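A.B. asks: sequence and predicted model, in that order:
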Amino acid sequence: MHRFALAGNPNSGKTTLFNGLTGSTAHVGNWPGVTVDKREGVYKKLSEPIAIVDLPGIYSLSPYTPEEVIARNYILDEKPDCVINIIDATNLERNLYLTTQILEIDVPIVLALNMMDAVEKRGDYIDEKELEKRLGIPVVKISALKGVGLDKLMERAHEACEKGRKGKTVIEDLALQHLIGDIKIALEGQGVHNPTFHAVKLAELDELEVLMHKDTVNMVEAFKETHKDEIFGDDFEALVADARYKYITKYFSPTLKRKNKEKFIVTPSDKADKILTHKIWGIPIFLVVLFAIFHLTFSENFLFLGGFLSEGWVSLEGTAFEGVFGSGGINSPGVILMGLMEVLTGTIADAVGVWLSTSPEWVSGLICDGVLGGIFAILGFLPQILVLFLFFSILEDSGYMARIAFILDRALRKFGLSGRAFLPMIMGFGCSVPAMINTRTLADEKEKLATVRVIPFFSCGAKLPILTAVSGAIVAYFGVGNVDLITYGMYLIGMITALFAVVLMRETTLKGDTPPFIMELPSYHAPQIRNLVMLLWDKAKHFIEKAFTIILASTIIIWVISHFNFSWKYLPDELMHESILGGIGQLIQPLFTPIGFGVQLNGMGWVFAVAAITGLIAKENVVSTLGTLAACLLGSVVNIESDGGISAVSIMIQNTGITLPALLAFIAFNMTTIPCFAAVAAAKGEMANKKTFNWTLVFWIATSYIVASAIYFIGTAWWAMFIYIAVAILTVIVIRYINAKRVSKEK
Ligand code: GDP
Ligand code: MG
């Protein structure tokens, strides 16, 4: 099967094109570095199927970043039958820089001028026939987003791959040409493949090439010695880059006719950036935007209109829809959807309960409490998870998230954290696993390690049920606060913990330089419905699959070991504390005393400890475990599963006497402790050795204890705050002192 590789700058639309060609639903992100690994799919509309490989986004073929090395080695070593060089045509000249480098490889190339819709909207025109003549490779105008020109692109690529192609360079500088020509002849003598490409890279004294062709390097040195006068300076890399830009400006730029002749037009995007990336207001605006999202997703008092409207504004009293739209205030869209889900799951649970009313106790117990109690407690959250992710995806797709990376880079660079590290962190809001894999874009090993460690603190979708169920119960049981405020606050605590932890590591065990962060800010654009729908569909599918496999299995196991004792005798609900689970729970319970849900809780207190432990399998288990156990305690499933675990947690509060600060500590503990199995495995995969990994586990446990105990103690006695502040200040002073001493010693 023929193989075509997609290569281009970050954000040029490679993944969009890849999805369009292969029907895949890979993640499209409006920021650089989303695709780290190469990804494969198949295009089926030609006479034969074609394998398509989506390479990571790159600006050049120099080995500066891991992406560049991956893409370069792929093209050179794996020899695709054709390279589809996709470029952002709204940024023609800059994108062609990479093209001039790929041209040097002996491989058929087709140039895809992407984003033609945007070019045309501006009123600009590109003469693709002329550009094709000047480049010597086929040029096709496309819009990956709108799906225009894709089949034509593939036809031209197919033709090109039949013909084959020899590399050629655009460098016209005489002295350089001379040098490159000589090296090329020498390399050809050695039977090296891709002599033109390697010759140019050797002339640049590219790190990788120098290692590969040790003998030929001498030739470059000798050349420099003899031609000192002709060449200005000895930074050959800069000379070559300059030669490329000169060629682009001279031959390729004229194929672009701009409607607006002035070079710098202030676009609406620039105007928006004046405000959104403002030095002082940038971060506060981000925090407000984030709060707005939580409000829209979780609030039961939409826009705080409750105060203005009289009770029972929407009178659905007595109907199944009571509570869906809210009373007192109006529910936010997220809560309305959740309410609808409750109606659905509640109806199913009722029906099943009636159906099983005559069967043996353990059968109805296992099915109603074990299976339905657990699964419905989780499914109840699906609507809100999707609403939250819809908003996150809109932020990302519109280009705003890339700005956040930029703003945070500016603020935190001096603390050893670059904007590049924020991109994977923000991805962590979705799921830690891809986020950790994405840290491969970080060039500095130490920065990468620090980032992998804190990614779980960016609370993922699976942790959302813990947040909403517990905060919902806090509001319902203690009658304080708003769900949106509590969840928002906990998300912030997670983020702040992450930032502190990174800074601390970068000051102590993981010291190192912070590589510069160069990123093009993509212009804002309206999010694509197709994109959003696909992302949400993926998310929903993943969540439902997980609910019916790993979580279903876990809830059944939890139910069984909470209803049998060590001699496998069935125990009724009231004797749960004598069960296997009860035994284990009471054994580990003391460990959780410093964070509020240990020995200070009465007989059933171990349920929180057990729930946190089951979260190590999948974080959804935390709430489903509480759901299953609460269903047993209450002796009926009917009222529990239908409100996404809120009443399950309420029942637990009633039965254990857990305090409000301890509940907040419980959330914080689950957010910052060892993540689920899948994330732990992903983290291990990104670490060089076992020792680093073990320290990472220690780090997660320590962090969760520190954060959760701080919340518990400060919440219980506010003056404990001063102790924590004092300890924090002392830590900073000690670290500063040690670092200062070390620096003076080195001198
Ligand atoms: P990659 O980094 O090269 O994989 O780029 P992506 O496929 O993730 O796309 C980057 C951004 O460009 C996304 O926001 C896309 O929606 C947008 N985009 C991709 N193709 C087009 C296009 O043809 N026209 C326009 N206007 N935007 C596009
Ligand atoms: Mg991509």
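C.D. replies: Alright, I've got the coordinates. This is a predicted model, so every value here is computed, not measured. Ligands and ions are numbered 1, 2, ... in the order given.
A.B. asks: who does the helix or strand of the chain with the lowest mean pLDDT touch, helix- and strand-wise?
C.D. replies: Sorting the helices and strands of the chain by mean pLDDT, DSSP states H and E puts helix 374-379 at the bottom, at a mean of 77. Helix 374-379 sits against helix 333-355, helix 464-473, helix 552-563, helix 620-634, with contacts defined as 3 or more Cβ pairs under 8 Å, 6 or more residues apart in numbering; DSSP states H and E. C-beta coordinates here come from the backbone N, C-alpha and C atoms, glycine included.
A.B. asks: out of those helices, which gets nearest to ligand 2?
C.D. replies: Counting by Cβ to the ion, ligand 2 lies closest to helix 464-473 out of the helices and strands packed on helix 374-379; the figure is 26.0 Å.
A.B. asks: quick check: angle from the closest one to helix 333-355?
C.D. replies: 90 degrees (axes from the mean of the first three to the mean of the last three Cα atoms, to 10 degrees).
A.B. asks: run the chain-centre distance for the next helix-or-strand element following helix 464-473.
C.D. replies: Next in sequence after helix 464-473, counting helices and strands by DSSP states H and E, comes helix 483-507. With Cα atoms, centre = their mean, to the nearest Å as the basis, helix 483-507 stands 16 Å off its chain's centre.
A.B. asks: tell me the angle whichever helix or strand comes after helix 483-507 makes with helix 620-634.
C.D. replies: Downstream of helix 483-507, the first helix or strand assigned by DSSP H and E is helix 529-546. When the same axes, to 10 degrees is applied, the directions of helix 529-546 and helix 620-634 differ by 50 degrees.
A.B. asks: sorry, back to before: winner for burial among the helices and strands packed on helix 374-379?
C.D. replies: A comparison of those by mean neighbour count, using mean count of other Cβ atoms under 10 Å, puts helix 620-634 on top with a mean of 29.
A.B. asks: for Phe517, which of the helices and strands packed on helix 374-379 is the nearest?
C.D. replies: Nearest to Phe517 among the helices and strands packed on helix 374-379 is helix 464-473 (29.8 Å), distances taken as Cβ to Cβ.
A.B. asks: and that closest one, what does it pack against?
C.D. replies: Helix 464-473 sits against helix 374-379, helix 382-398, helix 483-507, helix 620-634, helix 646-656, helix 660-672, with contacts defined as 3+ Cβ pairs under 8 Å, 6+ apart.
A.B. asks: buried residues of the longest one, list them for me.
C.D. replies: Meaning helix 483-507. 483-491, 493-495, 497-507 (16 or more other Cβ atoms under 10 Å).
A.B. asks: name the nearest residue to the residue nearest the centre of the chain, sequence neighbours excluded.
C.D. replies: The residue lying closest to the centre of the chain (Cα atoms, centre = their mean) is Met427, at 1.6 Å. Excluding the flanking residues, the one nearest Met427 by Cβ to Cβ, 6 or more residues apart in numbering is Ala435, at 3.9 Å.
A.B. asks: from what I can see the one you found touches Pro424, true?
C.D. replies: Yes - contact criterion Cβ atoms under 8 Å: Ala435 and Pro424 qualify, at 4.7 Å.
A.B. asks: which one of these two has more residues nearby?
C.D. replies: A side-by-side neighbour count of Ala435 and Pro424, using other Cβ atoms under 10 Å, places Pro424 first with 27 against 24.
A.B. asks: ok, that one touching Ile455?
C.D. replies: Yes - in this structure, Pro424 is within contact of Ile455 by Cβ under 8 Å, at 6.4 Å.
A.B. asks: tell me the residues that contact both of those two, please.
C.D. replies: Common contact partners of Pro424 and Ile455 (Cβ atoms under 8 Å, 6 or more residues apart in numbering): Ala435, Met436, Thr439.
A.B. asks: just the element for the residue nearest to Met427, please.
C.D. replies: Ala435 is part of helix 432-438, with elements assigned from DSSP H and E.
A.B. asks: can you tell me if that helix touches ligand 2.
C.D. replies: No - Helix 432-438 is not in contact with ligand 2 by Cβ under 5 Å from the ion; minimum separation 10.8 Å.
A.B. asks: can you pull the buried residues of that helix?
C.D. replies: Neighbour counts over helix 432-438 (16+ other Cβ under 10 Å) mark Ser432, Val433, Ala435, Met436, Ile437, Asn438 as buried.
A.B. asks: which one among those gets closest to Trp281?
C.D. replies: Ala435 (27.7 Å).
A.B. asks: quick one: which of the buried residues of helix 432-438 is nearest to ligand 2?
C.D. replies: Nearest member of those to ligand 2, counting by Cβ to the ion, is Asn438, at 10.8 Å.
A.B. asks: where does the protein have low pLDDT?
C.D. replies: 25-38, 229-234, 261-265, 304-329, 518-520, 635-644, 747 (pLDDT under 70).
A.B. asks: right, and Val220 touches Ile180 too?
C.D. replies: No - under the criterion of Cβ under 8 Å, Val220 is not in contact with Ile180, lying 10.0 Å apart.
A.B. asks: quick one: common contacting residues for these two?
C.D. replies: With contacts taken as Cβ under 8 Å, 6+ apart, Val220 and Ile180 have Ala203 as neighbours in common.
A.B. asks: give me the more crowded residue out of those two.
C.D. replies: With neighbours defined as other Cβ under 10 Å, Val220 and Ile180 compare such that Ile180 has more, 24 against 21.
A.B. asks: on the three-state scheme, the more buried one is what?
C.D. replies: Assigned by DSSP: H, G, I helix; E, B strand; the rest coil, the conformation of Ile180 is helix.
A.B. asks: dump the residue contacts of it.
C.D. replies: Per Cβ under 8 Å, 6+ apart, neighbours of Ile180: Thr169, Ile171, Thr196, Ala199, Val200, Ala203.
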